[in-house]
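# next one to model:
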Amino acid sequence: MRSLQWKDNLLGAVQVPLSPIVYMVIPGLNPEGYYLLSKLLCLCPERRITAFDALQHPYFTNYHIFSGKGSIQGTPSKAYMGQAMDSKKPVIVKIFDRIKLNEGISSAVIREIAFLKEMDHENIVSVIDVVFTGMKIHLVMEAADMNLRQFIDEHPKGVSDRHVRKNLLYQLLKGLDYCHSQKIIHRDLRPESLMINRDPLTLKISDFGTARDFQVPVKALTIIDRAKCVLYMPPEILYGKWRYTASVDMWAAGCIFAEIARGKPLFQIGSNDYHMTSDIYQMQKILSVLGTPNEDLWPGVCEVFHNINSIKLIPSMDLHELVPCLDPEEMDLLKQMICLNPSGRIMAADALKLSYFDDLRAA
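So this is what the prediction gives:
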């Protein structure tokens, strides 16, 4: 009985922080180091950290992670705000923890790291470091104030300032033009994958886990990948077409531009969670806005939509009713980005040459 009581008292002592004497004897450790030391010197054997878990501890990186802040939902990873221990600069640490002993590192993780380390552009998020700790990978990137979803949430009725809308779209298109010039399709553009800094207002593209090099045959998106960005998917992907081009990114860019202007997704089905929808309902919503396509407007549409002739003909809506704050110049560009016919969509390089961006090009 006395031994059980002694053990209970010992377990209670586990919660007691390190003695001040330890800080005096070992003065050079950072907070992460002292925390790890407390786990190693735990009096209770059952609570003592194992070597395997110790190797995954943030102490073995050069970055202090603020646990519980800024986790990114809906991704095979979690991202946190952090700080470089040497420069004290803020960083984002994206932690991938799906390294399996028998399977190795997932292809999505390898792609994201490879693409980001290859690219160097002011509108693509920069990689600072890649750290392997035990069975996890820490992808350290430059910090941002927020993502575009959070920015839009601050403007529930849409961004009324024309220059701000233009500036955000201009930077998004510059980043996409660079990606496409490197033969990379992003495929997962959505407000959550766009990082924003306030002063000066900058936008950077991130989350390249589902990106592909379109010099290699492109496979269709998996069900998991599709669930993350269905609101920003073009018709050819929603109908399961596996051969598509960089124009899929331009569709997403158009949807995002409209969302910036109106404060909510352009093709949102209901007022509930905008992540919860299906391919069929999403396609119906798109057709209810843009109308039913035909061979005249989209040559070859019957090859993509085999049942197109059985669909009730729906006339297109006036987009100005959905996005009333856009002026004629902005509306014309939006229509070119969300054209139902993929080959009719304007590409980023051509969009950047429009007179709409003259003032930004001259700046």
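# contact partners for Asp120?
Ser126 (CB atoms under 8 Å, 6 or more residues apart in numbering). All C-beta spots, glycine's among them, are computed from the backbone N, C-alpha and C.
# need the three-state assignment for it.
The local conformation at Asp120, judged by DSSP: H, G, I helix; E, B strand; the rest coil, is coil.
# counting neighbours, what do you get for the residue nearest to Ser355 when sequence neighbours are not counted?
Leaving aside its sequence neighbours, Ser355 sits nearest to Glu329 (CB to CB, 6 or more residues apart in numbering; 7.8 Å). When neighbours are counted by other CB atoms under 10 Å, Glu329 registers 13.
# now do Leu148
As a burial measure, Leu148 scores 22 neighbours (other CB under 10 Å).
# touching, it and Glu192? I think so.
Yes: using CB atoms under 8 Å, Leu148 is in contact with Glu192, at 7.4 Å.
# element containing the residue nearest to Ser355, please.
In the assignment (DSSP states H and E), Glu329 maps to helix 328-337.
# point out where this protein drops to low pLDDT.
Residue ranges of the chain with pLDDT under 70: 1-32, 52, 55-61, 67-77, 97-104, 134, 215-228, 241-242, 269-277, 304-313.
# how about Met119: what's its closest non-neighbour residue?
Here the residue nearest Met119, using CB to CB, 6+ apart, is Gln182, at 6.4 Å.
# any idea how far the one you found lies from Phe115?
8 Å (CB to CB, to the nearest Å).
# mind checking the SS state of Tyr80?
Classification of Tyr80 by three-state DSSP places it in strand.
# burial of it, as a residue count?
Residues within reach of Tyr80, counting by other CB under 10 Å, total 20.
# Ala51: how many residues sit nearby?
Using other CB under 10 Å, Ala51 has 8 neighbouring residues.
# what's the spacing between it and Leu41?
Per CB to CB, Ala51 is found 14 Å from Leu41.
# and the helix holding Glu329, what does it pack onto?
When contacts are defined as 3 or more CB pairs under 8 Å, 6 or more residues apart in numbering; DSSP states H and E, helix 328-337 packs onto helix 162-181, helix 247-262, helix 319-322, helix 348-351.
# most tightly surrounded among the ones you listed?
With neighbours taken as mean count of other CB atoms under 10 Å, these reach their highest mean count in helix 247-262, at a mean of 24.
# now that helix against helix 328-337, angle please.
150 degrees (axes from the mean of the first three to the mean of the last three CA atoms, to 10 degrees).
# which elements pack onto helix 247-262?
Using 3+ CB pairs under 8 Å, 6+ apart: helix 247-262 touches helix 148-153, helix 162-181, helix 328-337, helix 348-351.
# would you mind writing the CA trace of that helix as PDB?
Only the C-alpha atoms of helix 247-262 are listed here, as PDB (Å, rounded to 0.1, in the frame of the first residue of the first chain):
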ATOM      1  CA  SER A 247      -6.200  27.100 -67.500                       C
ATOM      2  CA  VAL A 248      -7.600  25.300 -64.400                       C
ATOM      3  CA  ASP A 249      -5.600  27.700 -62.300                       C
ATOM      4  CA  MET A 250      -7.100  30.700 -64.200                       C
ATOM      5  CA  TRP A 251     -10.600  29.500 -63.300                       C
ATOM      6  CA  ALA A 252      -9.600  29.300 -59.700                       C
ATOM      7  CA  ALA A 253      -8.100  32.800 -59.900                       C
ATOM      8  CA  GLY A 254     -11.300  34.200 -61.300                       C
ATOM      9  CA  CYS A 255     -13.400  32.600 -58.600                       C
ATOM     10  CA  ILE A 256     -11.000  34.100 -56.000                       C
ATOM     11  CA  PHE A 257     -11.100  37.500 -57.600                       C
ATOM     12  CA  ALA A 258     -14.900  37.500 -57.400                       C
ATOM     13  CA  GLU A 259     -14.800  36.300 -53.800                       C
ATOM     14  CA  ILE A 260     -12.600  39.200 -52.900                       C
ATOM     15  CA  ALA A 261     -15.100  41.600 -54.500                       C
ATOM     16  CA  ARG A 262     -18.200  40.100 -53.000                       C
END
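# what angle separates it from helix 162-181?
Using the same axes, to 10 degrees: helix 247-262 against helix 162-181 is 170 degrees.
# the chain: strands as residue ranges?
Using DSSP state E, the strands of the chain run over 63-65, 77-84, 90-96, 127-133, 136-142, 146-147, 184-185, 194-197, 202-205, 212-213.
# can you redo those strands as a markdown table with distance to Leu36?
Putting the strands of the chain into a markdown table (distance: least, CB to CB, whole Å) gives the following:
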| stretch | distance to Leu36 |
| --- | --- |
| strand 63-65 | 12 |
| strand 77-84 | 16 |
| strand 90-96 | 17 |
| strand 127-133 | 12 |
| strand 136-142 | 15 |
| strand 146-147 | 31 |
| strand 184-185 | 39 |
| strand 194-197 | 31 |
| strand 202-205 | 33 |
| strand 212-213 | 39 |
